[in-house]
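# this one's structure only:
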């Protein structure tokens, strides 16, 4: 349905995106993961026709959208990272304006506004001006504005940034329903691994403007199938203890976490005994030890050497 | 375009700061300037009142008799003699001068006192009078001889003005200068009539146009500044609309509009129309308030309002066109600096050149020349002409100028608009 062919974008001589290939089938949910500056927003701006690629092409059903931007604009709903709304207007007035510029009018427009307001749970507060809304409510209207014309493809650029857990959960459930029940194809970018794991059928991981891995969550995790994660919970930080663990040959990675230390070790390694011995030597109080299978976060760390939110 | 228009108007109406600038500020400035400068613009004529001595050394009757005798002696047809004799009474300069000094507007400013020459000079030195007007000996005779018989070199009135009341004296001098010009004009007409076989004083078709300042209805300072400030502040509508476009750009609302697949010119057209409608509303609100609170315009004078509406409509269209230029530049460079420069600098320059702050008539020629090509300056000229003369013909030139500015601005606006994808990021 939608695919990119080696698209790239150069800003002032510097490549922001290089040779990105991705595809999305009708009704599919695809995640685009990457830290800040990875090139996610630039990539989706090229897909949505807001930016012209410096190289490569974007195709919808085999036809170039760079040559015919209208072809994708008609079926695309775009939820930008920013709150792209008129703060001085109410939710209803915003939706009415965007609905009208999408060619809706009369009863069809009112019906559509009613539906999207119900979908985002703001029917009761539709007459209040947007600037009085909480961050979560603004994000919900931001999504509603992209859904008015019932798009076949929804591109969402970090739609849950900076909102409360309740609104976040509401938005995720809404996106899941749109995808699973209404068959809307979703391209979802996020910092949050758990959102992408929950919503998306397949995931692209981007870093430094390139796609560095792609596949289903399980396929990506299989990259680390030969490894396992050990979480050691401590009463406080012990930097020397961490350093000694990092120096151990049997441990691939040792990073400090909020509550202790996270280790990535070869599957089946018998390192726990040694870890306890070292902890005693540093008089570190171990509160808990857990052995986990890898997450997408671990995959990302493995591939880039960085955490997603670095 | 209706969606864009409605949205722009609602957004502006909910922005109290902008409304304050566009509606309240010009009103406050009108009141301040109108009252502060009322003495200079004729709103308060009391400061110009003066006493003037008349030293009359002329013997009118004897002068007239001399001319009548000269006509009688001439060898010309009897009919021509009768007409020339009638013209003697019609063109008596002293009668014309008395008429001028006793006319309502001049009499309100000038109080005349007949004096002997020496007494008059003393009164002038004692700063009791602002000027001495001396009507010399044989003034009537010499004037009529030149005017009717084209003999001699004519006559001159003598004015001695004081230093202590120079403004009043200047005004008096200007009044007399105007009078002398009128006499010369009448003389030229009389001679032309004689040459063409018409009787002097018979109605003639005027060749070319003459503008008589005294024929215009005087405007008060409040009236002047209510127009000047309205014309100036209409320019701020253009920058306000463009600054809203910048907000749309950085809040990515403009991206949403682009993705709706509407032609971007519809967006720009919406900006132009909304700026024009907002300007028209702004102008009428300001003029309406002025009329209601200060009587700057007669509320019930329909003809007056029609002319004002015509000028306002043209100015509003021009402001809409300027809004497209500012919007296009703002979006092209994704920068609000252009709007800031316009509102913070160019508007003041335009206001000065166009005469919104002070009348530019007495300034070096280049100032009114440039001011005539600013939208506010051309509009101010049109409004003033209309309020003083109520003649549609006088509106043509300034309105054509506003129209030319509007067409050029709209062309630039649409050419500069960044309609290509990718040029906005």
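That came through fine. Every value quoted in this text rests on a predicted model; they were computed, and no experiment measured them.
# how near is residue A:242 to chain B?
Distance of residue A:242 to chain B, given as CB to the nearest CB, to the nearest Å: 43 Å. The C-beta positions use only the backbone N, C-alpha and C, and glycine is treated the same way.
# And stretch A:128-147, what's buried?
Buried positions in stretch A:128-147, judged by neighbour count with 16 or more other CB atoms under 10 Å in any protein chain shown: A:130, A:133, A:136-147.
# err, stretch B:145-164, not the other one
Buried residues in stretch B:145-164 (16+ other CB under 10 Å): B:145-148, B:154-155, B:157, B:159, B:161-162.
# Tabulate the residues you listed in a markdown table, adding columns for secondary structure.
Below are these laid out as a markdown table (DSSP: H, G, I helix; E, B strand; the rest coil):
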| residue | secondary structure |
| --- | --- |
| B:145 | helix |
| B:146 | helix |
| B:147 | helix |
| B:148 | helix |
| B:154 | coil |
| B:155 | coil |
| B:157 | coil |
| B:159 | strand |
| B:161 | strand |
| B:162 | coil |
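# Do stretch A:19-39 and chain B come into contact?
No - judged by CB under 8 Å from any CB of the partner chain, stretch A:19-39 makes no contact with chain B; its nearest approach is 13.6 Å.
# hmm, back to that, okay, and which of the buried residues of stretch A:128-147 map to helices?
Mapping those onto helices (DSSP state H) picks out A:136-147.
# Could you dump those residues into CSV and include pLDDT and distance to residue A:27?
Converted to CSV, these look like this (pLDDT from 0 to 100; distance: CB to CB, whole Å):
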residue, pLDDT, distance to residue A:27
A:136, 88, 27
A:137, 90, 29
A:138, 92, 28
A:139, 90, 24
A:140, 91, 23
A:141, 93, 25
A:142, 92, 23
A:143, 91, 18
A:144, 92, 21
A:145, 93, 22
A:146, 91, 17
A:147, 90, 16
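# would a markdown table of the buried residues of stretch A:128-147 with distance to chain B be doable?
A markdown table is the format used below for these (distance: CB to the nearest CB, whole Å):
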| residue | distance to chain B |
| --- | --- |
| A:130 | 11 |
| A:133 | 14 |
| A:136 | 18 |
| A:137 | 16 |
| A:138 | 11 |
| A:139 | 13 |
| A:140 | 16 |
| A:141 | 12 |
| A:142 | 9 |
| A:143 | 12 |
| A:144 | 12 |
| A:145 | 7 |
| A:146 | 8 |
| A:147 | 12 |
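# Just the element for residue B:278, please.
When elements are assigned from DSSP states H and E, residue B:278 belongs to helix B:264-294.
# count of neighbours near residue B:381?
26 (other CB atoms under 10 Å in any protein chain shown).
# How about the residues of the stretch 251-400 of chain B by chain A?
Counting by CB under 8 Å from any CB, the stretch 251-400 of chain B sits next to chain A at B:251-253, B:255-262.
# for the buried residues of stretch A:128-147, which one is nearest residue B:175?
residue A:130 (64.8 Å; CB to CB).
# Would you mind giving the buried residues of stretch A:128-147 as a markdown table with distance to residue B:273 added?
Shown next, in a markdown table, are the buried residues of stretch A:128-147 (distance: CB to CB, whole Å):
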| residue | distance to residue B:273 |
| --- | --- |
| A:130 | 24 |
| A:133 | 30 |
| A:136 | 36 |
| A:137 | 32 |
| A:138 | 29 |
| A:139 | 32 |
| A:140 | 32 |
| A:141 | 27 |
| A:142 | 28 |
| A:143 | 31 |
| A:144 | 28 |
| A:145 | 24 |
| A:146 | 27 |
| A:147 | 29 |
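# Which one of those is nearest to residue A:278?
Using CB to CB, the buried residues of stretch A:128-147 come closest to residue A:278 at residue A:136, 45.1 Å.
# contacting residues around that closest one?
Residue A:136 is in contact with A:163-164, A:166-168, A:170-171, counting by CB atoms under 8 Å, 6 or more residues apart in numbering or on different chains.
# Who wins on neighbours among those?
Ranked by neighbours (other CB under 10 Å), the contacts of residue A:136 are led by residue A:171, which has 23 neighbours.
# Can you name the residues in contact with the helix or strand encompassing it?
Assigned by DSSP H and E, residue A:171 belongs to helix A:165-180. The contact list for helix A:165-180, computed with CB under 8 Å, 6+ apart, reads A:27, A:29, A:119-121, A:134-137, A:139-140, A:143, A:147, A:154, A:156, A:159-160, A:163, A:184-186, A:188, A:195, A:198-199.
# For residue B:47, give me the pLDDT.
For residue B:47, the model assigns a pLDDT of 58.
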